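A.B. asks: What shape does this take:
(4 chains)
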Number of protein chains: 2
Amino acid sequence: MEGRRATLRAHLLSDIRAAALDELRRTGAASLSLREVARAAGISPSGLYRYVDGRDGLLELLISDGFEAFGKAIAAAVAEAGDDVIARMEAVAIGYRRWALENSEQFGLILGTPVPGFHARADGPTEASVRRFAEPMIRVVADAYATSHPAGAGDETIGGFNLSTFDPRANELPELLLSAVVRSWSRVHGLVALEAFGHLAWSGTDVEALLRTEVRSMVVEFTRPAGTAT
Amino acid sequence: MEGRRATLRAHLLSDIRAAALDELRRTGAASLSLREVARAAGISPSGLYRYVDGRDGLLELLISDGFEAFGKAIAAAVAEAGDDVIARMEAVAIGYRRWALENSEQFGLILGTPVPGFHARADGPTEASVRRFAEPMIRVVADAYATSHPAGAGDETIGGFNLSTFDPRANELPELLLSAVVRSWSRVHGLVALEAFGHLAWSGTDVEALLRTEVRSMVVEFTRPAGTAT
DNA sequence: CCGAAAATGCAAACAGTGTTCGCGTTGCAA
DNA sequence: TTGCAACGCGAACACTGTTTGCATTTTCGG
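C.D. replies: Below is the predicted model of the structure:
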């Protein structure tokens, strides 16, 4: 049984989270005002320090929550897709884009220009959220690899990789798979980041269509069985 | 002949540019202090307003200069490369990466999370700098297309595009070429942005090697002669 | 050449910010 | 019940961007 104080604290802290997210959405991360958040949460500026370690603490909260929400959105998009490899990768790409556009301030905060003073501590909650964020993307790419590299048939670095025992929390991914993950992520992220930050407006491109093209191109390239290097 | 006043003004303005760039490099765009810039330029904060329209004006200056420098760096890298298509595209990609890493604060300012208050006016100097920035990339991709689509042999949207009369200031690029430009740019930018903003540190990837792989993949894909859809 | 006009630089002020400190008050646990 | 840690807050401090009024200096037309 929790004391009355603990529940009050939890409630107020969630109010603070909500107020901060609201303020972030409204004004952006760079001009997020601690005092304004305090006002919206019905608390004095100095009182906020009992709950959050200053402005950087507020940002850490928002970054952690952002990765969490982003990851969940992508996972949900993947879950809705079928078993087809292309469909799943498309779901990741388009889910990535949708979330980034609909939550552009959060997106900019977590994956855009880093905020000057802030660096996530290795043991903080951000680290865990990032892991959960990366997991669905890694899994989808790994699946694509698994289909083109059936058990025991691929080269060693991939052949030794057993998807059923795949643990996304283990830092060591097979080198080729890691490259595939980074390349896939970067290709989706490149288009989405440019669009979300307004750098493709001049072109009038249909970014979603381009994204589908990219996904097909990636699947073709990554599921090519043997060595592709020239 | 310019009056003494004009030259003094020009000198001081260039001092302000230098001081602002210095401050940007040191502390990042989000916490760039107008007063600190004024101090470094040996001028009072209010005096700065005779030269620059507040903090946003300072940022516009830095953004414009940033695109200018970025474009020149890429153009120089291309100029050093030979005539080979792959070599030229590699030069763009690696020049892009080098500049972004060596000038990460400027890079974040011009292509990262947009600063809240600021939006470049369509007629401002930023617009012109962006055009000069995009020009070398467009030209290289267009060259790649030209080699695989010799004059009069390609499909209409490309066939009607004459490289010799190519004007990068004209907004209308052939649709397929536009797609190729956006896709190429986004693939380079995705990797570089993620690296420059510290989101690939966990992976320990050799981003430059990945970039070369991407370039080869792009050239192979984009110089495929006929319809590539499906 | 000289006086009006324009450009320049600055100190002071204002509203806003993040952060710290010391004070009463309140909830909980020994 | 008593002691103590947690809490919430007002006041203060050092900043920030921006505006305003006022001298000073340069320029230029009559």
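A.B. asks: for DNA strand C, what are the nearby residues on chain A?
C.D. replies: Applying CB under 7 Å from any atom of the strand, we find that chain A lies next to DNA strand C at A:3-6, A:32-36, A:45-46, A:49, A:54-56. Where you see a C-beta, it was placed from the backbone N, CA and C, and this is true even at glycine.
A.B. asks: filter those to the buried ones?
C.D. replies: The neighbour count (16 or more other CB atoms under 10 Å in any protein chain shown) marks A:L32, A:L34, A:E36, A:R55 as buried among these.
A.B. asks: before we move on, the earlier item: show only the entries of the residues of chain A next to DNA strand C found in strands.
C.D. replies: Among these, no residue falls in strands (DSSP state E).
A.B. asks: Show me which of those residues is closest to DNA strand D.
C.D. replies: Distance to DNA strand D, by CB to the nearest atom of the strand, is smallest for A:S46 among the residues of chain A next to DNA strand C, at 2.8 Å.
A.B. asks: Restricting to the residues of chain A next to DNA strand C, which residues neighbour DNA strand D?
C.D. replies: Applying CB under 7 Å from any atom of the strand, the subset of those adjacent to DNA strand D comprises A:R5, A:P45, A:S46.
A.B. asks: can you give me the helices in chain A?
C.D. replies: Assigned helices in chain A, in chain order: A:4-27, A:34-40, A:45-48, A:54-80, A:85-102, A:104-111, A:125-148, A:156-159, A:175-196, A:207-222 (criterion: DSSP state H).
A.B. asks: Report all helices and strands that the last one contacts.
C.D. replies: Identification of packing neighbours for helix A:207-222 by 3 or more CB pairs under 8 Å, 6 or more residues apart in numbering or on different chains; DSSP states H and E yields helix A:85-102, helix A:125-148, helix A:175-196, helix B:175-196.
A.B. asks: any idea which of those helices scores lowest on pLDDT?
C.D. replies: Among those, helix A:125-148 has the lowest mean pLDDT, at a mean of 83.
A.B. asks: Tell me what angle it forms with helix A:104-111.
C.D. replies: 90 degrees (axes from the mean of the first three to the mean of the last three CA atoms, to 10 degrees).
A.B. asks: from chain A, which residue is nearest to chain B?
C.D. replies: Going by CB to the nearest CB, chain B is nearest to A:G190 of chain A, at 2.4 Å.
A.B. asks: Number of residues surrounding that residue?
C.D. replies: Per other CB atoms under 10 Å in any protein chain shown, the neighbour tally for A:G190 reads 25.
A.B. asks: Quick check, it in contact with B:S184.
C.D. replies: No - assessed by CB atoms under 8 Å, A:G190 is found out of contact with B:S184, at 9.8 Å.
A.B. asks: And for the residue of chain A closest to chain B, nearest residue in space, chain neighbours not counted?
C.D. replies: Distances taken as CB to CB, 6 or more residues apart in numbering or on different chains put B:G190 closest to A:G190, at 2.4 Å, once the chain neighbours are dropped.
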